[in-house]
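S.K.: Got a predicted structure plus its sequence, pasted below:
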Amino acid sequence: MGLTSYFTVKENVLVVRLIGELDHHEASILRDAWQKKLKEEDVQHVILNLEQVTFMDSSGIGVILGRYKEIIHSGGELIVCSINPAIKRLLEMSGLFKIIRLVENEQFALHSLGVAS
């Protein structure tokens, strides 16, 4: 199926919306695109919307963790939102939610970062 990614900026927040399967092949493409956006845009925080992700493997977790480290290093925050139950279970088992905040939806994530939606 592949993966489609959409990047939008709202104030100082990069919103990343993913649709499809995040496997090892798609992970490298996503990492490069995400990295490019972080360099192009003047953003401090990232919201990762996983509502329409249907599959993720360890390489997808690695991409998220890598961007998390980069964002935290620059004083920002990465928030995951709108996650489907299967992907939520995977990320819970990986321990990712011990370091990355999970919120119910994109609107709440934006609000929690002080962005009027």
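M.R.: Looks like it came in fine.

S.K.: how many other residues sit next to the closest residue to Arg101 other than its chain neighbours?
M.R.: The shortest distance from Arg101 to any residue other than its chain neighbours is 5.0 Å, reached at Ile79 (CB to CB, 6 or more residues apart in numbering). From N, CA and C alone the C-beta is placed, and that goes for glycine too. Ile79 has 22 neighbouring residues, counting by other CB atoms under 10 Å.

S.K.: same deal with His24?
M.R.: Neighbours of His24 (other CB under 10 Å): 11.

S.K.: Tell me how far it lies from Arg67.
M.R.: For His24, the distance to Arg67 equals 16 Å [CB to CB, to the nearest Å].

S.K.: Okay, buried residues for stretch 16-25 please.
M.R.: By 16 or more other CB atoms under 10 Å, the buried positions in stretch 16-25 come out as Val16, Arg17, Leu18, Ile19, Glu21, Leu22, Asp23.
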